[in-house]
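J.: After the sequence you'll find the predicted model.
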Amino acid sequence: MQALHQGLSSVLAVVAQAAILIAGIAMVAMTAVVAWGVFGRFVLNDTPAWAEASALLLMGWVILGAAAAGVREGFHMGFETLRDTLPPGLALAFHIVSDLTITVFGAAMAWYGSDLALTVWNATLPTLGLPGTVEYLPITLGGALMALFGLERLVARLATGRAPVGLPADTILTDS
């Protein structure tokens, strides 16, 4: 069982790194698109119509890719003052509730994001010429990754009482 957990954790580490890489590439691309839009507007006096829509689409990939990786790596925001003052057993229960909440939230994002994506499949984004589905793919995939990473933390806490091996026990950014 331990070997299965370690193997799964190794795979999820690669998936988290891929999410961060995609978010980073999207950030660089978004910067280039915005720079081109500004150049077109103020130098060429001809703003490219696709620049704003492309930048917004890329921003979705940046935000949701990094947020999903943040669930796994512990660099998302956490409010831990109350939990840190509780006895260990009760603090563990708060950890479990937190991990469960993140998992359910990510699953809901994936479910409803895919519903939105399928609803607008036949629509076309006018400035990009892409199917309307591409607007909701970051929500769907980011939510699925959040659910997967939250489930990893939840299962580890239920099995061992701790966060998965090699991951921070608590969030890095706290309210204290």
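T.: Cool, got the structure.
J.: Going by C-alpha atoms from here, please, whenever you check contacts or count neighbours.
T.: Noted.
J.: Show me the helices in this protein, by range?
T.: 2-42, 50-73, 81-85, 88-119, 137-160 (DSSP state H).
J.: Least reliable of those by average pLDDT, please.
T.: Between the helices of the chain, the one with the least mean pLDDT is helix 81-85; it has a mean of 76.
J.: Any idea how far that helix is from the middle of the chain?
T.: 26 Å (C-alpha atoms, centre = their mean, to the nearest Å).
J.: And that helix, what does it pack against?
T.: helix 88-119 (3 or more C-alpha pairs under 8 Å, 6 or more residues apart in numbering; DSSP states H and E).
J.: Give me the helices and strands touching the helix it packs on, please.
T.: If you count contacts as 3+ C-alpha pairs under 8 Å, 6+ apart, helix 88-119 packs onto helix 81-85, helix 137-160.
J.: Just want the angle from it to helix 50-73.
T.: 150 degrees (axes from the mean of the first three to the mean of the last three C-alpha atoms, to 10 degrees).
J.: residue contacts, the residue positioned nearest the centre of the chain?
T.: Central residue of the chain (C-alpha atoms, centre = their mean): Ala68, 2.4 Å from the mean position. Counting by C-alpha atoms under 8 Å, 6 or more residues apart in numbering, Ala68 makes contact with Ala16, Ala19, Gly142, Gly143, Leu145, Met146, Phe149.
J.: give me that answer again for 7 Å
T.: Gly142, Leu145, Met146 (C-alpha atoms under 7 Å, 6 or more residues apart in numbering).
J.: separation between the second one and Ile139?
T.: Meaning Leu145. With distances taken as C-alpha to C-alpha, to the nearest Å, Leu145 is found 10 Å from Ile139.
J.: Could you do the last one as well?
T.: The spacing between Met146 and Ile139, counted by C-alpha to C-alpha, is 10 Å.
J.: These two: who's more crowded?
T.: Met146 (29 against 26; other C-alpha atoms under 10 Å).
J.: So the more buried one versus Gly106, what's the distance?
T.: 5 Å.
J.: do Met59 as well
T.: 18 Å.
J.: more crowded one of those two?
T.: Neighbour count, other C-alpha under 10 Å: between Met59 and Gly106, Gly106 has more, with 26 against 19.
J.: Contact partners for the more buried one?
T.: Applying C-alpha under 7 Å, 6+ apart, the residues near Gly106 are Gly143, Ala144, Met146, Ala147.
J.: do that again at 8 Å, thanks
T.: Gly142, Gly143, Ala144, Leu145, Met146, Ala147, Gly150.
J.: Let's have those in TSV, adding distance to Pro87.
T.: Below are the contacts of Gly106 laid out as TSV (distance: C-alpha to C-alpha, whole Å):
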residue	distance to Pro87
Gly142	34
Gly143	32
Ala144	33
Leu145	31
Met146	28
Ala147	28
Gly150	23
